[in-house]
Every structure is written in structure tokens, then in C-alpha cells.
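[1] quick one, what's the 3D model for this:
(one chain, ligands or ions: 1)
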Amino acid sequence: MNDWVPYPAEFARRYRELGYWTGETFGAFLADRAARYADRVAVIDDRHRWTYRELDERATRMAHGFRARGIRPGDRVVVQLPNVAEFVSVVFGLFRAGALPVFALPPHRFAEISYFCAHTEAVAYVIADKVAGFDYRTLADDVRAAAPTVREVFVLGDPGTHTSLADVPTDPVGELPEIDPGVVAFLQLSGGSTGAPKLIPRTHDDYLYSVRESADICGLDTDSVYLVALPVAHNFPMSSPGILGALHAGSRIVLASAPSPDIAFPLIARERVTITGVVPPIALVWLNSAPNRADDLSSLRVLQVGGAKFAEEAARRVTPELGCALQQVFGMAEGLVNYTRDTDDEDTVAVSQGRPISPDDELRVVDADDAPVPEGGIGHLLTRGPYTIRGYYRADEHNRDAFTADGFYRTGDLVRLLPTGHVVVEGRAKDQINRGGEKVAAEEVENHLLAHPGVHDAAVVAVPDAFLGERTCAFVVTAGETPPTAPQLRAFLRGRGLAAYKIPDRVEFVPGFPHTGVGKTSRRDLRAAFAARLTDERKA
Ligand code: OOB
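    The predicted structure follows:
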């Protein structure tokens with residue numbers, strides 16, 4: 001089993017020759033920006049206001065502390081923190097110690113975290129004590145019992161029986177390791193469409209290229225203030241341009257604990273935020289609440305919207321109603337990110353999801369047989385380029401389906417290209433539900449449902465939804481004398497430690513599954529049949 005699939009040598013050479021891959025590591029990146037922007041403010045949250053120099057010092061002390069605690073180069077460490085300044089110092093501390101952060105999201109629970117720990121053989125797990133009433137220390141106890149490689153749990157706040165994050169930083173103990181910029185720096189999560197979540201290995205070289213270009217495309221400079229409204233560990237607020245783009249450009253990062261107007265708007269006003277990124281449902285909430293609030297949003301220059309399709313009607317409301325420019329972002333943690341540009345005309349910004357970062361992003365739009373569709377036609381998007389992975393982490397078998405023989409990633413998105421090179425997302429061919437930007441893999445939820453003794457079969461599909469874009473619906477064939485009710489099934493899934501956003505919004509009991517064609521019915525056909533039924537029902 002390979003850990004990861006490196007870029008072929010001739011591609012790596014080319015990306016270096018073209019100046020895309022500069023050989024900078026994350027650790028050196030922060031040191032360099034700290035030298036340049038030393039006394040400027042880098043990170044702000046409810047409790048902190050760190051300068052670049054302070055952030056850099058904290059990251060170094062964290063790195064030495066992690067080393068003193070036995071974390072070695074190449075070790076994986078699952079990080080699950082809310083939007084706090086310590087996220088940045090911990091992650092850069094791990095980078096400098098040569099360890100690979102595995103970026104979990106705050107809603108993940110036992111099912112997800114124990115899988116990440118087991119699959120990556122993580123040696124440590126970093127959490128906050130309690131967030132929004134949920135005690136992560138109890139989760140950590142369960143995770144440790146299930147994943148014995150996890151030797152230590154570091155806790156921000158009251159550690160309970162675990163290790164306090166505050167006790168980790170130390171003065172230098174020996175030299176920090178030399179890091180190869182061409183190797184994996186961290187593991188990001190894939191939205192996924194299969195039973196087990198997939199992990200995405202990103203290198204220093206490839207990721208920092210996308211960060212520098214993103215900061216440039218989004219016009220970040222030392223006067224910019226970037227608000228982290230979404231969970232900071234997600235690829236969008238991390239690098240599009242996100243916190244890393246902000247650090248690259250000497251901008252300020254402001255971390256919001258939630259994207260709701262009552263939290264985000266006063267922060268925008270107080271810190272004079274110039275740019276932020278949100279998912280479409282949040283953009284709608286902001287549009288609808290802005291007229292009813294007194295907060296001064298006049299500093300906001302750009303609202304980025306991405307993660308799911310932003311409806312054209314909503315897109316056209318952004319500038320007149322919020323007084324800032326809209327930037328559409330169509331990205332994926334696997335790599336490729338598209339942005340509308342400030343030079344694009346109004347219609348292009350309203351209808352398209354942008355064009356790629358790099359002149360060397362290769363986009364192919366193909367039919368089911370991988371043959372190119374006629375120009376301007378809708379097809380499956382395949383992509384390859386200087387910051388798109390060539391394979392998932394420890395997933396040899398899955399990689400044979402998820403990538404073409406010549407290394408193109410099968411995005412699972414249905415798109416069409418405009419003559420300008422802009423991409424319009426038209427739909428999806430992967431078995432995933434995009435619940436307002438949160439991705440739910442149908443098969444993962446089905447497998448959890450099938451573990452219930454009263455479930456004979458299950459198919460999970462998307463239901464169109466005016467607010468979230470899509471919600472999840474589980475079609476269930478029950479078994480046994482006393483079949484489970486919908487609330488019982490939901491409670492069962494929660495009990496298995498599945499993240500709340502993956503619990504089906506709706507459960508439909510059916511006597512049996514339809515046969516959609518001749519011979520064996522594939523799960524994909526089955527999901528398509530149910531999805532069609534839901535669409536018909538909505539029309540009626
Ligand atoms: C972002 O990343 P992921 O990895 O959570 O999800 C990627 C998938 C894409 O393949 C596509 O299906 C969907 O999310 N998506 C969009 C979209 N942006 C992402 N679908 C329609 N319109 C859009 N604008 O979601 C992500 C990563 C970096 C930047 C922005 C978003």
C-alpha cells in the first residue's frame with residue numbers, strides 16, 4: 001500500500017521550472033513573513049491579538065514542545081479545533097516539527113475521528129475542551145480506546161485527564177528537522193462519495209503555489225483583513241485565499257466563532273474586515289439580515305461564495321444589497337480552485353463559478369466514456385495540474401477509479417466551459433449530497449444504516465432544498481418484526497458517532513427497492529431513481 005502518489009518526475013520538474021513550486025516549506029514561509037511583517041497584527045480572535053512575530057515565536061515553541069513530547073517527522077496528528085488563534089500556532093508548530101496535521105472539522109464525532117486516527121495511525125489528537133456544549137475530552141477517551149496509536153491528547157482549555165496544550169510549548173531543545181518541500185505537509189479531508197472518508201495528501205510545494213496565486217487573484221495586501229467565517233480547517237478558509245493567503249500577503253486574520261450575522265457582522269465592523277468567504281446558505285442569511293441590522297459593513301470589499309452552487313438570482317443581489325463585490329469560488333480540497341476575477345463583467349460573475357488559478361491547470365470535459373464533449377457542452381470535469389493531487393492517502397484501490405491512467409482527477413462534477421474559460425457547474429455525477437457546502441457521502445451513511453438489525457437495505461440521496469440547496473433523504477427497507485422508526489434510526493446513527501450534518505434530514509420507508517433496468521440494479525441507478533422520484537414529487 002502506498003501512502004501517497006507523488007507527481008511524476010517530468011511534471012514536478014516542469015512545475016519547478018515554471019516557478020510554481022519554489023521549494024518553500026510552511027515552516028520557512030511563516031518565518032519569512034514574520035521577518036517582513038514583524039510588528040503587524042497577524043491573528044485576532046475573541047481572546048488574542050498576535051503580531052506576526054508573536055505568532056512565529058509561538059509556532060516555534062510549539063514545534064519544540066511537540067518534539068519534546070516525542071512527535072517525530074512524518075507522524076500524523078489529528079487536529080480538531082474551533083476557530084481560535086491557537087489553530088494557527090498549533091498547525092505551524094506541527095509543520096515545523098515535521099508532523100502532518102490531519103484536518104478534522106468540529107462536527108466530526110467518534111465515527112469520523114476514530115477512522116482518521118486508525119487510517120493514518122495518528123500518534124496524537126488535538127482538541128478544545130468544550131465547544132458549544134460538546135465535550136471533546138469524552139470523545140477523545142473513546143477515540144483513544146479505539147485507536148491505540150494515539151499516545152497523547154492535547155487539549156486547549158481544561159485538559160481533564162489529558163495533556164494541556166498550554167504545557168506543550170518549550171524553549172528550543174536541539175534543532176528542528178529539515179523539511180523536504182516536495183513531500184506531504186498535511187492531510188485534508190475529501191467530501192467523499194464512498195463508504196470510508198478519503199484523505200488528501202498535499203505537499204508544501206503544491207499547496208503554497210495555490211496560496212500565493214490565490215492571494216494575488218483576490219488582491220490581498222498588508223491593508224487586507226480576512227474574516228474566517230467557515231470552519232478554519234476547511235480548504236476554502238485555509239487557502240482560497242484564506243488564512244494562508246492572508247499570512248502570505250501580510251494581511252490580518254480575524255477568526256469568527258460562527259458565521260451568523262450576530263457574530264460575524266460586529267466583527268466586520270470592529271476590525272474593518274475587507275474580505276471573507278462563505279457558503280451559499282450563509283450568503284443568503286447575510287443578504288436577508290443586513291437590512292435589519294445597524295452594523296457598518298462598509299469596509300467589506302469582497303464576499304467570496306463557494307463550496308456549493310450559488311444561485312444566479314442570489315448572486316445578483318450581493319453588490320446592490322451588501323455594497324461589496326461578489327467573487328464566486330469553485331474549489332475542491334483535492335486541488336483545483338476557480339475564481340471569478342475582479343476584471344470579469346457582471347454577468348460572468350453572476351453565472352459562472354470562475355476560472356482556474358493556473359495556466360497549467362488542465363481541465364477536460366468528457367462523457368461517460370472519457371471522450372471529450374462538443375465545445376460548450378455539459379460533461380464530467382477531469383483535472384490535472386500543479387496543485388491537484390495524483391491520488392488519495394493510502395487508497396490504492398480507490399485511486400484506480402478516482403483518477404484516469406494519465407493522472408487526471410475525476411471531480412464528479414458536471415460542468416460546461418464558457419468561451420472565456422470560465423466554468424459553470426451544472427450538476428454532479430458523484431454519490432454525494434452537498435448540504436449547503438457540507439459534503440455527505442451517500443455510501444458512508446448507507447453503511448451506518450445497514451448496521452442496524454432492523455434495516456434490510458438503504459439508499460441515501462439528495463432532496464432539493466431552497467435554503468441549503470440540498471438535504472439528505474434516506475430510503476429504507478426495514479427488516480424484522482418490529483421495524484425501527486425514523487427517530488430511532490436517527491438516534492442509532494448519532495449513537496454510532498456520526499457527525500450531525502450526515503444524519504438524514506428525511507427518512508422514507510419503502511416496501512422494496514425498484515428494479516431500474518435489466519439484471520442487477522446498481523446502487524447508483526437506485527439512487528438516481530429515488531432522486532428522480534423526489535424531483536417529481538417537488539414539481540407536483
Ligand atoms: C470546497 O471543497 P470540498 O473539497 O469541500 O468540496 C469540493 C466539491 C466540488 O467538487 C463541488 O462538487 C463542490 O464541492 N463545489 C461547488 C462549488 N464549490 C465547491 N459546486 C458548485 N459551485 C461551487 N462554487 O468546497 C472548496 C474548496 C476550496 C475553495 C472553495 C470550496
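[2] whichever residue of the stretch 251-400 of the chain sits closest to the ligand: what's it in contact with?
    At 2.6 Å from the ligand, Gly331 is the closest residue in the stretch 251-400 of the chain, using C-beta to the nearest ligand atom. For every residue, glycine as well, the C-beta is placed using N, CA and C. Contact partners of Gly331, counting by C-beta atoms under 8 Å, 6 or more residues apart in numbering, are 235-236, 240, 306-307, 337-338.
[3] one more time with 10 Å, if that's ok
    Neighbour list for Gly331: 210, 214, 235-236, 239-240, 277, 306-307, 337-339, 353-354, 356-357 [criterion: C-beta atoms under 10 Å, 6 or more residues apart in numbering].
[4] can you list which of the residues you listed are found in strands?
    Among the contacts of Gly331, the residues falling in strands (DSSP state E) are 277, 306, 337-339, 356.
[5] most neighbours, which of the residues you listed?
    With neighbours taken as other C-beta atoms under 10 Å, the top of those is Gly277, carrying 28 neighbours.
[6] which residue is the nearest non-sequential neighbour of it?
    Counting by C-beta to C-beta, 6 or more residues apart in numbering, Gly277 lies nearest to Gln304, which is 3.8 Å off, once chain neighbours are set aside.
[7] on the three-state scheme, the one you found is what?
    Under DSSP: H, G, I helix; E, B strand; the rest coil, the three-state class of Gln304 is strand.
[8] can you name the residues bridging to it?
    Taking DSSP bridges as the rule, Gln304 bridges to Gly277, Gln327.
[9] can you check Asp413 too?
    Beta-bridge partners, per DSSP bridges, of Asp413: Arg428.
[10] for it, give me the pLDDT.
    We have a pLDDT of 98 for Asp413.
[11] cool, and Val518?
    With respect to pLDDT, Val518 has a value of 61.
[12] same check, this time on Ser522
    73.
[13] same deal with Leu165?
    For Leu165, the predicted pLDDT is 98.
[14] do the same with Asp262
    As predicted, Asp262 sits at a pLDDT of 98.
[15] tell me how this protein divides into domains.
    Following the assignment in automatic domain parsing, the chain carries domains at 25-180, 432-539.
[16] most packed of those domains?
    Across the domains of the chain, averaging neighbours per residue (mean count of other C-beta atoms under 10 Å) puts domain 25-180 on top, at a mean of 20.
[17] and the end-to-end length of that domain?
    End-to-end distance for domain 25-180, by C-alpha to C-alpha, to the nearest Å: 7 Å.
[18] chain center to that domain: distance?
    Counting by C-alpha atoms, centre = their mean, to the nearest Å, domain 25-180 is centred 18 Å from the centre of its parent chain.
[19] spatially nearest residue to Lys502 (excluding sequence neighbours)?
    Excluding its sequence neighbours, the residue lying closest to Lys502 (C-beta to C-beta, 6+ apart) is Val440, at 5.0 Å.
[20] oops, could you answer that again for Glu362 instead?
    Nearest non-adjacent residue to Glu362, counting by C-beta to C-beta, 6+ apart: Arg384, 4.7 Å away.
[21] show me the contacts for the nearest residue in space to Gly385 that is not next to it in sequence.
    Distances taken as C-beta to C-beta, 6+ apart place Asp361 nearest to Gly385, at 3.9 Å, with adjacent residues excluded. Asp361 is in contact with 210, 335-338, 355, 383-388, 421, counting by C-beta under 10 Å, 6+ apart.
[22] what of Thr222?
    Shown in contact with Thr222 (C-beta under 10 Å, 6+ apart): 36-37, 40, 249-252.
[23] ok, Ala85 next?
    Contact analysis of Ala85 by C-beta under 10 Å, 6+ apart lists 42-50, 54-55, 58, 253, 255.
[24] which ones among those map onto helices?
    Among those, DSSP state H puts 54-55, 58 in helices.
[25] nearest to the ligand among these?
    The ligand has its nearest neighbour among the ones in helices among the contacts of Ala85 in Leu55, at 23.4 Å by C-beta to the nearest ligand atom.
[26] pretty sure that closest one contacts Arg33?
    Yes - Leu55 sits in contact with Arg33 when judged by C-beta atoms under 10 Å, with a separation of 9.1 Å.
[27] which residues do the two both contact?
    42, 247.
[28] what does the stretch 351-500 of the chain have sitting close to the ligand?
    Residues of the stretch 351-500 of the chain lying near the ligand by C-beta under 6 Å from any ligand atom: 353, 411, 413, 425, 428, 434, 439.
[29] which one (most neighbours) among those residues?
    Per-residue neighbour counts (other C-beta under 10 Å) across those peak at Asp413, which has 25 neighbours.
[30] identify the residues contacting it.
    309, 330, 332, 336, 353, 365, 379-383, 423, 425-430, 432, 434.
[31] filter the residues you listed down to just the buried residues.
    By neighbour count, with 16 or more other C-beta atoms under 10 Å, the contacts of Asp413 hold 309, 330, 332, 336, 353, 365, 379-383, 423, 425, 428-430, 432, 434 as buried.
[32] between the residues of the stretch 351-500 of the chain next to the ligand, which sits nearest Ala532?
    Set against Ala532, the nearest of these by C-beta to C-beta is Arg428 (14.5 Å).
[33] so the closest one touches Arg410, yeah?
    No - Arg428 is beyond contact range of Arg410, at 11.8 Å (criterion: C-beta under 10 Å).
[34] look up how far Glu17 lies from Leu30.
    Distance from Leu30 to Glu17, counting by C-beta to C-beta, to the nearest Å: 26 Å.
[35] likewise Glu426?
    36 Å.
[36] and what of Phe236?
    Look at Phe236 and Glu17: by C-beta to C-beta, they are 30 Å apart.
[37] what's the answer for Asp223, then?
    Taking C-beta to C-beta, one finds Asp223 at 34 Å from Glu17.
[38] kindly state the beta-bridge partners for the residue lying closest to Glu508 once chain neighbours are set aside.
    Leaving aside its sequence neighbours, Glu508 sits nearest to Phe475 (C-beta to C-beta, 6+ apart; 5.1 Å). With DSSP bridges as the criterion, Phe475 is bridged to Ala459, Glu508.
[39] who's in contact with Phe475?
    Each residue near Phe475 by C-beta under 10 Å, 6+ apart is listed here: 446, 449, 457-461, 504, 506-510, 513-514, 526-527, 529-530, 533-534.
[40] report pLDDT for it.
    In this prediction, Phe475 has a pLDDT value of 94.
[41] residues contacting the residue minimising distance to the centre of the chain?
    The centre of the chain sits closest to His234, judged by C-alpha atoms, centre = their mean, with a distance of 3.3 Å. Listed by C-beta under 10 Å, 6+ apart, the contact set of His234 reads 103, 105, 188-189, 228, 240, 242, 277, 279, 307, 333, 437-438.
[42] from Ala333, how far off is it?
    8 Å.
[43] picking that back up, from the contacts of His234, which land in strands?
    Under the assignment DSSP E, the contacts of His234 contribute 103, 188-189, 228, 277, 438 to strands.
[44] make JSON lines out of those residues and add distance to Glu24.
    Formatted as JSON lines, the ones in strands among the contacts of His234 follow (distance: C-beta to C-beta, whole Å):
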{"residue": "Phe103", "distance to Glu24": "20"}
{"residue": "Gln188", "distance to Glu24": "19"}
{"residue": "Leu189", "distance to Glu24": "24"}
{"residue": "Val228", "distance to Glu24": "23"}
{"residue": "Gly277", "distance to Glu24": "24"}
{"residue": "Glu438", "distance to Glu24": "32"}
